[in-house]
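[1] I'd like to go over a predicted model; first the sequence, then the structure.
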Amino acid sequence: MIYYTILLFVILDFLWTQYLAYRNRKRMNPNIPEQLIGIYDQEKYQKQQAYQKENSRIGLFSGFVSFVIILLILVFNGFGYLDQYVRGYIHNSILVSLAFIGILYIGNEIISLPFSLYDTFVIEKKYGFNKSTLQIFWIDQLKGLILSVILGGLILTLLIWFYNGFGNYAWLYAWGLITAFSLFMTLFYSNIIVPLFNKQTPLEPGELRNAIEKFSQKAGFELTNIYVMDASKRSTKANAYFTGLGSKKRIVLFDTLINDLTTDEIVAVLAHEIGHYKKKHIIQHLITSILYIGVLLFILSFFLNNSTLALALGSEIPSFHLGIIAFSILFTPISLLLGLLMNMASRKNEYEADAYAASFGLGDSLISGLKKLSVEALSNLNPDPWNVFVYYSHPTLLQRIERLRLNNQE
């Protein structure tokens, strides 16, 4: 019964994601929608539609390949055979789980690699976004693999040790570990991880820095750490982000953002990011994530070393790694529901951060900046409402513009 439930969940999850993708494709139209006139011109809109279609096709194909592979593995007891194979060479339970998960991770990377190459060097290059080289791409892949092995392997080892040796309280130890790691990454991600891939240099004195510091003082937000990241060596797409807490907080601007937007528009974008901090959204998100992980780990404890679940996946020996796989599939409906609720809260926070920027008279500058970023990135500005409701952590551009204009009128 559990085996067929796992199969059913995998099939339903695939059908659901493909149905939502189909709804998005149905909204594609060669004629520019009335609500996008004045944002996209006809030529740019045609390019955006072509870009979205190509991304949709590669997404459909890669999703189908992944679905077929996981289905074949389940039907032919692939997880059970892999478990048996690993146990033929390794006898320590922690090493068995690490080897099993490591093989699956490497296999997934190999399967996804051709799609990543095609996306980067065919689609992104065709539409003028990709600035990366094959050398940069492969170095990034190698660095990502090393980080995954070191950090992922260390955390996974400790989790397996906790769940194998601490009984009913194992999930609490695991929760403490993940919480500590999350806090560490929040504080030091930009200092430790980002420099492995990109250079970050302090924003030079001048008009832009003066404008940012002037706004920060006006907003009562102490900010001295303003950095520029060399994102242009990989892509023309622009962004900015806020990271860290307390004295470790910093603003990071993509160099592409500085090239694409005016000073007022950049200040408006940063005012939005500062709004998240002022409205306590960052703390809220951190607390919510920690609580979510706690619930996740508690429920996971009922799946690990479960002989019934192991049998459903083709093995007579219950284990941590088979419990993880069963959990990841059977938890899908709950994960979808919780993700939906978190996205609703996130979209609410985005409106509040926009309103914060508008309260300083930056509403029009934020609108013009968001328009430029969306148009230059060939973003889908007319997505299906179901997709927005289920998957979007941000409101659509049109929704944000409408709300900002209402704020300006008040």
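    Alright, I've got the coordinates.
[2] drop to CA atoms for contacts and neighbour counts, all remaining ones
    Noted.
[3] what comes into contact with the least confident helix or strand in the chain by mean pLDDT?
    Least confident helix or strand, the chain: strand 240-243 with a mean of 80, by mean pLDDT, DSSP states H and E. Under the criterion CA atoms under 8 Å, 6 or more residues apart in numbering, residues 186-187, 189-190, 249-254, 257, 269-270, 273-274 lie in contact with strand 240-243.
[4] equivalent analysis for stretch 189-204, please.
    Contacts for stretch 189-204 (CA under 8 Å, 6+ apart): 140, 143, 209, 225-231, 243-244, 252.
[5] adjacent strands (with direction) for the least confident helix or strand of the chain?
    As defined by DSSP bridges, the strand partners of strand 240-243 come to strand 250-254 (antiparallel).
[6] ends of stretch 228-237, what's the gap?
    14 Å (CA to CA, to the nearest Å).
[7] now that stretch, how far from the centre of its chain.
    Stretch 228-237 has its C-alpha centroid displaced from the chain centroid by 18 Å (CA atoms, centre = their mean, to the nearest Å).
[8] quick check: mean pLDDT of that stretch?
    Mean pLDDT, stretch 228-237: 89.
[9] how about that stretch: buried residues?
    228-232, 234-237 (16 or more other CA atoms under 10 Å).
[10] switch the residues you listed over to CSV; also include secondary structure and distance to L309.
    Below are these laid out as CSV (DSSP: H, G, I helix; E, B strand; the rest coil; distance: CA to CA, whole Å):
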residue, secondary structure, distance to L309
V228, strand, 49
M229, strand, 47
D230, coil, 47
A231, helix, 45
S232, helix, 47
R234, coil, 43
S235, strand, 44
T236, coil, 47
K237, coil, 44
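[11] would you map the strands across the stretch 251-400 of the chain?
    Here the stretch 251-400 of the chain has no strands by DSSP state E, counting those that start in this stretch.
[12] in it, where is pLDDT below threshold?
    Judged by pLDDT under 70, the stretch 251-400 of the chain has no weakly predicted residues.
[13] the helix or strand encompassing L12 packs against which elements?
    Assessed by DSSP states H and E, L12 sits inside helix 2-26. Here helix 2-26 touches helix 42-75, helix 307-312, helix 320-330, helix 385-391, going by 3 or more CA pairs under 8 Å, 6 or more residues apart in numbering; DSSP states H and E.
[14] any residues touching that helix, and which ones?
    53, 56, 60, 63, 67, 71, 74, 309, 312-313, 326, 329-330, 332, 383-384, 386-387.
[15] can I get the buried part of those as one ChimeraX selection?
    Buried residues among the contacts of helix 2-26 (16+ other CA under 10 Å), as a ChimeraX selection:
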select :56,67,71,74,309,312,313,326,329,330,383,384
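[16] what's the burial count for G38?
    9 (other CA atoms under 10 Å).
[17] any idea how far I192 is from it?
    Distance from G38 to I192, by CA to CA: 42 Å.
[18] for the nearest residue to R347 once chain neighbours are set aside, which residues are in contact?
    Distances taken as CA to CA, 6 or more residues apart in numbering place H394 nearest to R347, at 4.8 Å, with adjacent residues excluded. Counting by CA under 8 Å, 6+ apart, H394 touches 343, 346-347, 350.
[19] how about H394, phi and psi?
    phi -120, psi 150 (degrees, to the nearest 10).
[20] mind pulling up the pLDDT for Q409?
    61.
[21] report the contact partners of the residue nearest to E207 when sequence neighbours are not counted.
    Spatial nearest neighbour of E207, chain neighbours left out: T263 (7.7 Å); criterion: CA to CA, 6+ apart. When contacts are counted by CA under 8 Å, 6+ apart, T263 touches 207-208, 211.
[22] coming back round to it: how distant is the helix holding L12 from the center of its chain?
    20 Å.
[23] and the angle for it with helix 42-75?
    170 degrees (axes from the mean of the first three to the mean of the last three CA atoms, to 10 degrees).
[24] what average pLDDT does helix 2-26 get?
    92.
[25] now do that helix against helix 320-330, angle only.
    50 degrees.
[26] can you offset everything so residue one is 157?
    With the count now opening at 157, the last piece we talked about shows up as helix 158-182.
[27] ok, and for helix 158-182, which residues are buried?
    For helix 158-182, by 16+ other CA under 10 Å, it's 159, 162-163, 165-166, 169-170, 174, 176-177, 179-181.
[28] again with stretch 208-215
    208, 212, 214-215.
[29] check stretch 334-350 too.
    Here stretch 334-350 shows 334-335, 338, 341-344, 346 as buried, counting by 16+ other CA under 10 Å.
[30] report the rounded mean pLDDT for it.
    So the average pLDDT for stretch 334-350 ends up being 87.
[31] please compute how far it lies from its chain's middle.
    With CA atoms, centre = their mean, you get 16 Å for stretch 334-350.
[32] helices along the stretch 307-456 of the chain, start to end?
    309-321, 326-348, 363-374, 411-416, 419-434, 437-456 (DSSP state H, counting those that start in this stretch).
[33] export the ones you listed to TSV and tack on distance to A511?
    Putting the helices of the stretch 307-456 of the chain into TSV (distance: least, CA to CA, whole Å) gives the following:
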stretch	distance to A511
helix 309-321	39
helix 326-348	25
helix 363-374	16
helix 411-416	21
helix 419-434	8
helix 437-456	14
